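In: For reference, the sequence and a predicted model appear below.
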Amino acid sequence: MSQTIHLFGYFCPTISFKINHMINPYFAPTKLELEMVLQYKAIAKEDYALIRLTNTMLKKSIIDASEAIRYIVENKHVIDYEELVQGQKRIGKALLFLTNDIIETPVSYYRPKTKLGDPRFWVYGLSKHVKESQLIYFTVLNRTLIVIPVSDNENQFSIFSKYIIDNSGEQEILRLLNEKLKIIKEVKWIPSVSPFKDNPKDVGDSLEAFLGIKVNNLTTPDFMGKIEIKSKRFQANSLNSLFGKVPDWEISNYKSVLGIVERFGYIKTEKGSMKRLYNNIYSKPNTQGLYMDPMDEKSQLWQKFNQNNVQENVCAWWYSTIRKSLETKHPTTLWVDAEVDKIDNHFHFKYVGFELSSRPIFSEFLRLIRENIIIYDWKSRINLNGTSVRNHGPGFRIIPKHKELLFGSLLQIT
C-alpha cells in the first residue's frame, strides 16, 4: 500500500508510503510522526492535512492553503476560497491543542491582492507555541479548524481524545443501543421473520424487527437515525455491504441500468430468458471486462470496460455523491455476525460478534477501491425482450477483515 504526498499536505496515509519525485522530502513525516498522526486520525476519524512549518511561514505569518487544506475546509463548509476575491479575508475559529491546554484562537482565510491571489491562511498566535520544522496536523470538527503540533506527548493525546468524546453527542444513543444488545444476548435465539425459509436477508431483517426497526430502504441509519446496523451470517465469506448507489447518469455514457445490463450482461443457459449482470467490479478488469477507475483530476469514480482491445467508459459517480452517501449511511455502524439454527422446525438466529465503527474517511474509501478492498457489486437482470429490470441492491461493499482501514478503528462490544 502506498500514498502519494500532496504539496505541504496529504490525506490519510498508511505506514508504508512513497514520496512523489516532485515533492521536497522535507515535508514528509518521519516514522515517529506518522505513528502519531495515525493515532490522531483514529480518534478524529476525519480527513486531514499535514504541513511542516518553515522559517518563512513563521516570520511572515503566512501559510499557503495547499490542495489538502482547501479540501478539508471547503468540504466541511468552513470557507470556500473560490468565493473570496483578491484582497478579501474571512475570520474563523481554530482550536490549538498543546501538551497541557487547548487554546481557542482566530484563523484567517484570505487571498492577497498580490501573487495572483493564491489562497492562504494563518492561525493567530501559532508562532508563540511552535518552532521551525514542526509538523502540524490539521482537521475540521464542527466547522472549527483543529490544529495539533505533532508530538509523542501522551498528555496532548489525552486532551485531544477527551475533547472528541465530550463533543460526540452520541453517548446517550450508544447507551440505549448497549441496553438492547444485552437483551439480545440474554434471549440468545431470536425467531426469523421468515420461520420456514432460509433467506440470506432475514439475518438483518430479524434483528431489526427485534429492535423495533421497521424494514425500509432509507439512506439514513437504522437505529434512532444515528447508528446503521449491518448483519451477516457468522463466518460467511460474503462482503459487508456499505451502501447502495446507482451511477450519476448525467455524467455516465450509459444512462440506465437497462442499458448497462444489455451491453455487458450475460445469459445463463438454465435461465435463458434473462440477461444477468451479477458481477464484482474491482480496479482491474474482471471476466466481463469491467473495472473501477478513480479519477482524482475530475473528482469522479468511473466504471470502465476493457476487453479484446475494446475500451469504453461505462458509468460514473461524482466523488461528492459517494462521500455524501457514505457519511450519511455510516455516522456510526454496528456490525453483527449471526449463527442460524432450526428450533422446532423454525429458523432462529443467535447474534454474536458485535463491532462498532465510527464515521468513515472518504479519502481512505478511494484508496481501498484502488487496493481491491472495496468493490462495486452489480446485482441486476433483465428480460431478453427488455420489458423489465430487476435490481437486487447493487452498491459498494468491503472485505470484512479490512473494515478498520476505512473507519480508522473498530470497537469490540462484549
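Out: Yep, that arrived. Numbering: from 1, shown residues only.
In: is it true that residue 107 lies in a strand?
Out: Yes - counting by DSSP: H, G, I helix; E, B strand; the rest coil, residue 107 falls inside a strand.
In: Go ahead and confirm it touches residue 123.
Out: Yes - Residue 107 is in contact with residue 123 according to C-beta atoms under 8 Å; the separation is 4.9 Å. Using the backbone N, CA and C atoms, a C-beta is placed for each residue, glycine as well.
In: Common neighbours of these two, please.
Out: Residues touching both residue 107 and residue 123 by C-beta atoms under 8 Å, 6 or more residues apart in numbering: 94, 145.
In: so how far is residue 192 from the residue of the chain most remote from its centre?
Out: Most distant residue from the mean C-alpha position of the chain: residue 344, 42.8 Å away (C-alpha atoms, centre = their mean). For residue 344, the distance to residue 192 (C-beta to C-beta, to the nearest Å) stands at 12 Å.
In: quick one: low-confidence parts of the stretch 101-250 of the chain?
Out: 165-172, 215-221, 235-237 (pLDDT under 70).
In: For it, which segments are assigned as helices?
Out: Assigned by DSSP state H, counting those that start in this stretch, the helices in the stretch 101-250 of the chain fall at 154-166, 171-187, 202-210.
In: Can you tell me which of the ones you listed is most buried?
Out: helix 202-210 (a mean of 20; mean count of other C-beta atoms under 10 Å).
In: contacting residues around it?
Out: 184, 187, 190-194, 214-215, 222, 229-233, 336, 338, 340, 347, 349, 351.
In: how about a cut-off of 7 Å?
Out: Residues outside helix 202-210 that contact it (C-beta atoms under 7 Å, 6 or more residues apart in numbering): 184, 190, 192-194, 215, 222, 229, 231-233, 336, 338, 349, 351.
In: PyMOL command for the buried members of these?
Out: Here is the PyMOL command that picks out the buried ones among those, judged by 16 or more other C-beta atoms under 10 Å:
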select buried, resi 184+190+192+193+222+229+231+232+336+338+349+351
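In: Can you tell me which of the contacts of helix 202-210 end up in strands?
Out: 190, 229, 231-233, 336, 338, 349, 351 (DSSP state E).
In: Return the member of these nearest to residue 79.
Out: residue 229 (35.9 Å; C-beta to C-beta).
In: Tally up the residues packed near residue 33, please.
Out: 18 (other C-beta atoms under 10 Å).
In: Next up, the contacts around it.
Out: So residue 33 contacts 135, 150 (C-beta under 7 Å, 6+ apart).
In: Mind pulling up the pLDDT for it?
Out: At residue 33, the model reports a pLDDT of 89.
In: how far out from the middle of the chain is the strand or helix carrying it?
Out: Taking DSSP states H and E as the criterion, residue 33 maps to helix 31-44. In this view, helix 31-44 has its centroid 17 Å away from the chain centroid, taken as C-alpha atoms, centre = their mean, to the nearest Å.
In: okay, now the closest residue to residue 173 other than its chain neighbours: neighbour count?
Out: Leaving aside its sequence neighbours, residue 173 sits nearest to residue 226 (C-beta to C-beta, 6 or more residues apart in numbering; 4.9 Å). For residue 226, the count of nearby residues is 17 (other C-beta under 10 Å).
In: doesn't residue 331 make contact with residue 226?
Out: Yes - contact criterion C-beta atoms under 7 Å: residue 226 and residue 331 qualify, at 6.2 Å.
In: For stretch 364-375, list the C-alpha coordinates in CSV.
Out: Extracted as CSV, the C-alpha positions of stretch 364-375 are listed here (Å, rounded to 0.1, in the frame of the first residue of the first chain):
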residue,chain,number,x,y,z
GLU,A,364,-9.5,6.0,2.5
PHE,A,365,-12.5,4.8,0.6
LEU,A,366,-10.8,5.8,-2.7
ARG,A,367,-7.5,4.2,-1.7
LEU,A,368,-9.4,1.0,-0.8
ILE,A,369,-11.0,1.0,-4.3
ARG,A,370,-7.6,1.0,-5.8
GLU,A,371,-6.4,-1.7,-3.4
ASN,A,372,-9.4,-4.0,-4.4
ILE,A,373,-10.7,-4.0,-0.8
ILE,A,374,-13.8,-2.0,-1.7
ILE,A,375,-15.7,-3.2,-4.8
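In: Mind listing what's buried along that stretch?
Out: Those would be 364-369, 371, 373-375, for stretch 364-375 by 16+ other C-beta under 10 Å.
In: what does stretch 330-341 give?
Out: 330-340.
In: which of those residues sit farthest apart?
Out: Top of the distance list for the buried residues of stretch 330-341 (C-beta to C-beta): 331 and 340, 29.2 Å.
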